[in-house]
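S.K.: Give me a 3D structure for the following:
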Amino acid sequence: MDESLALRALRDRPFELLAALERRNRAVTASPAQPVTSEWVGVALRLAGESFVVSRDETREVLGVPAQLARVPGAKPWVRGLANVHGALVPVTDLRQLFGAGVAPLGRTSRVLVANHRDVPAGLLVDEVLGFRRFQDSEFIAVAPPVALPCGAYLAGAFQRGTELWPVLSLRLLLDSPEFLHAAA
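M.R.: Model prediction:
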């Protein structure tokens, strides 16, 4: 007899119904637990023709390119300017230019990734944000793959799903680096 029919037959006998539910609950909890897999979530982006993911925890928000950026006198050329983000001034860095791949052309897909860093406010100009990507921990590769863009010092492994390879660009490594912190020309 189907379990739900058996339980319905006990609706007029509450004690027996509770006992049957208890047995069912114990049987379910006694069964071997499913393996727990944890998930890594990142923001996928494109930069100079290459795809990367950035940890969601290292990203505060994604913005369109601000219409006005205040120029920063004496800053290196890769500092595009200051943007007013929710009332706070945030320096916007052209990642392409920082990595030596030329000035990023501003287009309709260009975005500014606002980093979630306690000490260093930063907006990072990228060519395109592709949305969230979710990976299982088992898809992680500790050794970062070679990429054409010279940013290997800021890569923290990669995720591989089938033939797709997603290098992890670590904003923490980037924002804590001396190269990034010394933005004066």
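S.K.: so which helix or strand takes in the residue positioned nearest the centre of the chain?
M.R.: For the chain, the residue nearest the mean C-alpha position is Gly42 (2.2 Å; CA atoms, centre = their mean). For Gly42, the enclosing helix or strand under DSSP states H and E is strand 39-47.
S.K.: any residues touching that strand, and which ones?
M.R.: For strand 39-47, the external contacting residues (CB atoms under 8 Å, 6 or more residues apart in numbering) are 51-56, 59, 62, 95-96, 99, 101, 111, 113, 126-137, 140, 149, 159, 166, 168-169. (C-beta placed from N, C-alpha, C; glycine too.)
S.K.: ok, then the element right after the helix or strand of the chain with the lowest mean pLDDT?
M.R.: Sorted by mean pLDDT, DSSP states H and E, the helices and strands of the chain end with helix 3-9, the least confident at a mean of 72. Toward the C-terminus, helix 3-9 is succeeded by helix 14-30 as the next helix or strand (DSSP H and E).
S.K.: Residues touching that next one, excluding its own?
M.R.: 3, 6-7, 10-11.
S.K.: Considering the residues you listed, which is situated nearest to Ala185?
M.R.: Glu3 (74.0 Å; CB to CB).
S.K.: and Leu98, how many neighbours does it have?
M.R.: Neighbour count of Leu98, defined by other CB atoms under 10 Å: 23.
S.K.: Strands of the protein, residue ranges please.
M.R.: Assigned by DSSP state E, the chain shows strands spanning 39-47, 50-55, 59-64, 79-85, 88-94, 111-115, 123-126, 128-136, 140-141, 155-161, 164-169.
S.K.: Which of these has the highest mean neighbour count?
M.R.: Among the strands of the chain, ranked by average contacts under mean count of other CB atoms under 10 Å, first place goes to strand 123-126 (a mean of 24).
S.K.: returning to that earlier point: greatest separation within the contacts of helix 14-30: which pair is it?
M.R.: With CB to CB as the measure, no two of the contacts of helix 14-30 lie farther apart than Glu3 and Arg11, at 13.8 Å.
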